[in-house]
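S.K.: just a sequence and a predicted model for now, questions to come.
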Amino acid sequence: MLLKCLFAEFLEIIDSKLFFISKISYLTTIYYIVNFNIATLVVVREELIMAISLKKGQKVDLTKTNPGLSNVIVGLGWDTNKYDGGASFDLDAAAFLVGSNGKVTSDNDFIFYNNPKDAAGSVTHLGDNKTGDGEGDDEQIKIELSKVPASIEKINFTVTIHEAAERCQNFGQVSNAFIRIVDENNSNELIRYDLSEDYSIETAVVVAEIYRNNGEWKFSAIGSGFEGGLNALCSNFGISVD
Ligand SMILES: [Ca+2]
Ligand SMILES: [Ca+2]
């Protein structure tokens, strides 16, 4: 009787061990399947990101490769080393709507936080950010492509430093600057350009532009630094500076 009991107990132990082992291998299999898929997704995601990340000087189709694209959000981001000099550090994104001669036809085509919309309502600045703290877009500009007047050939996107001269600040103290174009309908990032260049004394940067090309819009990564801040930039695009 005792032997029988011991034997039963022994079998039970073996049984539970086997059950445990099979459970482990089952979990391991699931683990590998999930892990494999995550690894695949990471590779696919990186390939997607690679496909849209631009270098300075590169041009890429915007509407041709994204048929039906209507509204885009242009996101600009940056981080500042605010401890250099101690003053607060405020960068501002802007858009200049220019004709084929590269100049605006009206001062109203200089879109920034204080003039957030053009007359046609095609380009809207979505708000001033005063610190640049954190990742992601610091300021955004929305563009309704179908509303952009035919006379506008290019839209230039710029970033300037507010009161750069007074605060002795320049782009040498700015890092992680980028521009990205996002489809407003599904929040997909279509194009991204990270400004990898080390700027030094510049106080304004023409980051990028979109421009008309055979009935489509293309994107060009520019990344040109300007000395003389907003005033120099405005003169460049034909805005009268007081
Ligand atoms: Ca700002
Ligand atoms: Ca930031």
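M.R.: Right, received. Where do you want to start? Ligands and ions are numbered 1, 2, ... in the order given.

S.K.: which residues does the residue most central in space within the chain bridge with?
M.R.: In the chain, the residue lying closest to the centroid (Cα atoms, centre = their mean) is residue 180, at 3.1 Å. Residue 180 has these beta-bridge partners by DSSP bridges: residue 75, residue 192.

S.K.: need the residues of the protein near ligand 2, please.
M.R.: 77, 79, 132, 138 (Cβ under 5 Å from the ion). All C-beta atoms are positioned from the backbone trio N, CA, C, and that covers glycine.

S.K.: ok, and the most crowded of the residues you listed?
M.R.: Highest neighbour count within the residues of the chain next to ligand 2: residue 138, with 24 neighbours (other Cβ atoms under 10 Å).

S.K.: show me the domain layout of the protein.
M.R.: 1-54, 56-236 (automatic domain parsing).

S.K.: deepest of those domains, which one?
M.R.: Mean neighbour count (mean count of other Cβ atoms under 10 Å) peaks for domain 56-236 among those, with a mean of 18.

S.K.: any idea how far the residue nearest to the centre of the chain is from ligand 2?
M.R.: According to Cβ to the ion, to the nearest Å, residue 180 and ligand 2 sit 13 Å apart.

S.K.: now do the strands in the protein.
M.R.: Secondary structure of the chain (DSSP state E): strands at 53-54, 59-61, 71-80, 91-98, 110-111, 123-125, 139-144, 154-161, 174-183, 189-194, 204-213, 216-226.

S.K.: the residues of the chain next to ligand 2 into JSON lines, with extra columns for pLDDT and distance to residue 197?
M.R.: Below are the residues of the chain next to ligand 2 laid out as JSON lines (pLDDT from 0 to 100; distance: Cβ to Cβ, whole Å):
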{"residue": "77", "pLDDT": "97", "distance to residue 197": "16"}
{"residue": "79", "pLDDT": "94", "distance to residue 197": "15"}
{"residue": "132", "pLDDT": "93", "distance to residue 197": "18"}
{"residue": "138", "pLDDT": "98", "distance to residue 197": "19"}
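
S.K.: coming back round to it: tabulate the domains of the chain (JSON lines), appending distance to ligand 1.
M.R.: Shown next, in JSON lines, are the domains of the chain (distance: least, Cβ to the ion, whole Å):
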{"stretch": "domain 1-54", "distance to ligand 1": "24"}
{"stretch": "domain 56-236", "distance to ligand 1": "4"}
